[in-house]
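S.K.: Here is a sequence together with a model predicted from it:
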Amino acid sequence: MLVLLAFWPCYNLVLALFVWWRPKPGQSDVASKHPLEYWIIIPALNEERVVANTVRSALALDGARTPVQVVVVDDGSDDRTPHVLAEIDDHRLHVIRREPPNARKGKGEALNHAYRYIREIAEREGLVHRVVIGVIDGDGRGAPGMLSEITQYFAERSVGAVQCRVRIHNRGHMLAFLQDLEFSCVVDASQSLRDVVGTVGLGGNGQFVRLSTLMRLGDAPWSACLVEDLELGLRIHLDGQRIRYATRATITQQGLIDVNRLLRQRTRWGQGNLQCLSYVPKLLRARHISSIALIEFMQYLLTPWLVAPMTLVICALLGLNVYGQIARDDVFGLVAIGPEAAFAMLLWLGALVVPGVIWGLVHRLKHGDEPLWRALLVGLAYPGFLVLGSISTLRALFRHFAGRNAWAKTERLVEEPVVKAA
């Protein structure tokens, strides 16, 4: 029991070290006579509140060595999204309107539609091996200069895709700050570790993939999976190509500030992870995937299935402790009573609180954009955030076995204009 209680804080401490120690991009850049051309896809379904900022931010990423074209897929919006897009006058902006019954069939279908549009242009102009397709969600904001770092990773021909770091830009709300702690620290460290092992996963926001890599996966590289990004990453790994994690290139997005909407989002993610479990046999048969990489793949594919039994075990242990303290019974040595009870409670409290405090300090030291007291406060709230994740996973298990696979879109918050049109 002591070993189990000590493992969780120690694991988080070791993982936190990867926030600072991480692999670097390739040393050489792409030859200037063959610069990469970036086509950024923005899937938009009723995004009137945020799409203007997103499009203008994407167009602002354009550079001499990183030319940018933006493709917005209006997936049958019935709000003011078409009118907002029509007000942006820029020859680099391509708006594709999808109408029912073909529209609203999931994010994967919208991305595939834009992919085929870009592929046709690239094949006609002979630019297939120079085009990189990026995906930025309707609320995403790319950091200036980020494409230069991404280009350095693509200097290695073995690299088929690059995933950017994600942050939350409305972290003034505590729930949104918790999501920023998760993305900019915990996920950031995990992806840095995966970059070493060779198992980097793709996220829905800030993924960049070579057009030639997508073409190897057929006419529809993105699927109807509820986490089409994770599945695409698995397919790229199985195809023998490498995915890198960008250490500085950052995409910011909105955080959810409503608990019910957060649970709905995380339930969809958890159910999508369960759908990707079908890739386990393929990963086991893949000879080019190392044993360490295979263990890492298994860890994040199988974890959702372990949440339910682990939750039952923790609840059973807590129940035994409550019973033991009331009945003054050590329950065959499983419950500490008397003077040892206080020490046991300190151990439980430490195992519960220390990981969040670690990540709060990491956030303060790494980013420095939040005061120390707030970083520590969000660290103390982190265990509650993990409880929400456990609830979402249990709901995902129920939906998975009930055969309920409907895709629920994340609702956006109203934003003020942040970038003027070029």
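M.R.: Yes, it's here.
S.K.: Where does pLDDT dip in the stretch 251-400 of the chain?
M.R.: 308, 331-334, 336, 338 (pLDDT under 70).
S.K.: Would you map the strands across it?
M.R.: With strands called from DSSP state E, counting those that start in this stretch, the stretch 251-400 of the chain shows none.
S.K.: which stretches of it form helices?
M.R.: 259-275, 280-285, 291-327, 339-367, 372-402 (DSSP state H, counting those that start in this stretch).
S.K.: Enumerate every residue touching R167.
M.R.: D180, F183, S184, T250, I251, T252, Q253 (Cβ atoms under 8 Å, 6 or more residues apart in numbering). All C-beta atoms are positioned from the backbone trio N, CA, C, and that covers glycine.
S.K.: cool, and N102?
M.R.: Counting by Cβ under 8 Å, 6+ apart, N102 has contacts E109.
S.K.: quick check, it in a strand?
M.R.: No - per DSSP: H, G, I helix; E, B strand; the rest coil, N102 lies outside any strand segment and is coil.
S.K.: ok, back up a step: would you mind checking the contacts of R167 for buried ones?
M.R.: Taking 16 or more other Cβ atoms under 10 Å as the criterion, what is buried in those is D180, F183, S184, T250, I251, T252, Q253.
S.K.: Please report phi then psi for the fourth one.
M.R.: When you say that, I think you mean T250. Dihedral pair for T250: phi -130, psi 140, per degrees, to the nearest 10.
S.K.: Neighbours of the closest residue in space to it that isn't next to it in sequence, how many?
M.R.: Distance criterion Cβ to Cβ, 6 or more residues apart in numbering; nearest residue to T250, sequence neighbours excluded, is A143 at 4.4 Å. Using other Cβ atoms under 10 Å, A143 is surrounded by 18 other residues.
S.K.: Please apply the same query to D74.
M.R.: 23.
S.K.: Distance of the closest residue to it other than its chain neighbours relative to A114?
M.R.: The shortest distance from D74 to any non-neighbouring residue, by Cβ to Cβ, 6+ apart, is to R97 (4.8 Å). Separation of R97 from A114 (Cβ to Cβ, to the nearest Å): 12 Å.
S.K.: Of those two, which one has the most company?
M.R.: Set R97 next to A114 and count neighbours by other Cβ under 10 Å: A114 wins out with 23 against 15.
S.K.: Quick check: next helix or strand after the strand or helix carrying that one?
M.R.: Assigned by DSSP states H and E, A114 belongs to helix 107-125. Next helix or strand after helix 107-125 toward the C-terminus (DSSP H and E): strand 131-135.
S.K.: May I have the strands that pair with that following strand, each with its orientation?
M.R.: Sheet pairing of strand 131-135 (DSSP bridges) gives strand 37-44 (parallel), strand 207-210 (antiparallel).
S.K.: Convert the shortest one to PDB, retaining C-alpha atoms only.
M.R.: Once side chains and other backbone atoms are set aside, the C-alpha atoms of strand 207-210 remain, and they are given as PDB (Å, rounded to 0.1, in the frame of the first residue of the first chain):
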ATOM      1  CA  GLN A 207      -1.600  19.000 -36.000                       C
ATOM      2  CA  PHE A 208       0.500  19.400 -39.200                       C
ATOM      3  CA  VAL A 209       0.800  16.500 -41.600                       C
ATOM      4  CA  ARG A 210       2.600  16.200 -45.000                       C
END
